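>>> when you get a sec, could you give me coordinates for this:
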Amino acid sequence: ATGAVDNPDHFRLAVRAVGAAPRLKAGEYALASGASLRSIIDTLVEGRSILHAVTAPEGLTSAMIVRLVEASPVLSGPAIEPIPAEGVLLPDTYMVRRGDTRQQVIARMIEARETLMAELWPKRQPGLPIETPEDAIILASIVEKETALPEERPMVASVFVNRLRRGMRLESDPTIIYGLTRGEPLGRGLYRSEMLRENPWSTYQIAGLPPTAICNPGRASIEAVLNPPTSDALFFVADGSGGHAFAATYAEHLRNVAHWRRVEAGLVSGPAS
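Residues are numbered from 1 along each chain as shown. The predicted model follows:
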């Protein structure tokens, strides 16, 4: 509160009188209007400083998250160098104090992801076609980018796990985009030439997983990959409702694709009945 301490000399004397000087903690504090000197001193001793939220949404690349952290007006310190590897940061909301360093926040995101994987990896479904925690993060990053609907993540994960088990290519458009822009928005649809262009991340061209994650997946996508539902789905395509239509056979998938083309052309709306 502005003017919480009317006389700095009186405040310093009060601090010395109660022996609190060595225990005062620097920080940003919210003080009640008319608060007594004693309550102000107690607040500074206890270190109840104001917390600010720094939010890293799911599905952002490491470079994007670094830009968010560097843009925070309450954080201090130099720019983050080097940019962390893709997939090592855990998207979440982190509470920080004014003056915390940007590097400290990035370190917390890395530690949070490591802690989460230490929790989830031992609980994974037996027999998954995923050999390492790093592979799980790569696949979860693809799931993260394929759907914006939380309820769809398990089924999308199931499709990709089924395809890996059968030796089928994942054929995920976001992997092509990552190879083209390193995850920056393309701003348009993919060209056929881009789909055919040599691209080490393109799961239309390579078997199995790409060499790195394509974003930083959140907990839900990681959980979906490590414990996918049992299904026979091998394909999915947008259904016109913001979600996807899943199919077990290519013939069924082609019917879903045809419906989506009609939606795109404005001939029908919504999912197929």
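
>>> so which residues of the stretch 51-200 of the chain form strands?
51-55, 93-97 (DSSP state E, counting those that start in this stretch).

>>> now what about the longest helix seen in the chain, what contacts it?
The single longest helix within the chain, with elements called by DSSP state H, is helix 102-120. If you take CB atoms under 8 Å, 6 or more residues apart in numbering as the criterion, helix 102-120 is touched by 54, 56, 65-66, 69-70, 72, 75-80, 84, 87-90, 92, 94, 96, 133, 136-137, 216, 219, 222-223, 226. Just so you know, the C-beta spots here come from the backbone N, C-alpha and C atoms, and that holds for glycine as well.

>>> again with stretch 184-203
Residues contacting stretch 184-203 (CB under 8 Å, 6+ apart): 61, 142, 169-173, 175-180, 204-206, 209-212, 214.

>>> may I have that stretch as PDB, with CA atoms only?
Listed next in PDB are the C-alpha coordinates belonging to stretch 184-203 (Å, rounded to 0.1, in the frame of the first residue of the first chain):
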ATOM      1  CA  GLU A 184       6.000 -21.600 -35.800                       C
ATOM      2  CA  PRO A 185       2.400 -21.300 -37.200                       C
ATOM      3  CA  LEU A 186       2.300 -21.900 -41.000                       C
ATOM      4  CA  GLY A 187      -0.700 -19.700 -41.400                       C
ATOM      5  CA  ARG A 188      -2.100 -21.700 -44.200                       C
ATOM      6  CA  GLY A 189      -2.700 -25.300 -45.300                       C
ATOM      7  CA  LEU A 190       0.200 -27.500 -46.400                       C
ATOM      8  CA  TYR A 191       1.100 -27.600 -50.100                       C
ATOM      9  CA  ARG A 192       1.500 -31.000 -51.700                       C
ATOM     10  CA  SER A 193       5.100 -30.000 -52.600                       C
ATOM     11  CA  GLU A 194       5.800 -29.500 -48.900                       C
ATOM     12  CA  MET A 195       4.400 -32.900 -48.100                       C
ATOM     13  CA  LEU A 196       6.700 -34.500 -50.700                       C
ATOM     14  CA  ARG A 197       9.800 -32.400 -49.800                       C
ATOM     15  CA  GLU A 198      12.600 -34.200 -47.900                       C
ATOM     16  CA  ASN A 199      11.900 -33.500 -44.200                       C
ATOM     17  CA  PRO A 200      13.500 -35.500 -41.300                       C
ATOM     18  CA  TRP A 201      10.400 -34.800 -39.100                       C
ATOM     19  CA  SER A 202       7.800 -35.700 -41.700                       C
ATOM     20  CA  THR A 203       6.100 -38.900 -40.500                       C
END
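
>>> okay, buried residues for that stretch please.
186, 194, 199, 201-203 (16 or more other CB atoms under 10 Å).

>>> equivalent analysis for stretch 175-186, please.
For stretch 175-186, by 16+ other CB under 10 Å, it's 175-180, 182-183, 186.

>>> in helices, which of those residues fall?
175-180.

>>> CSV for the strands of the stretch 51-200 of the chain, including mean pLDDT?
Formatted as CSV, the strands of the stretch 51-200 of the chain follow (pLDDT from 0 to 100):
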stretch, mean pLDDT
strand 51-55, 94
strand 93-97, 96
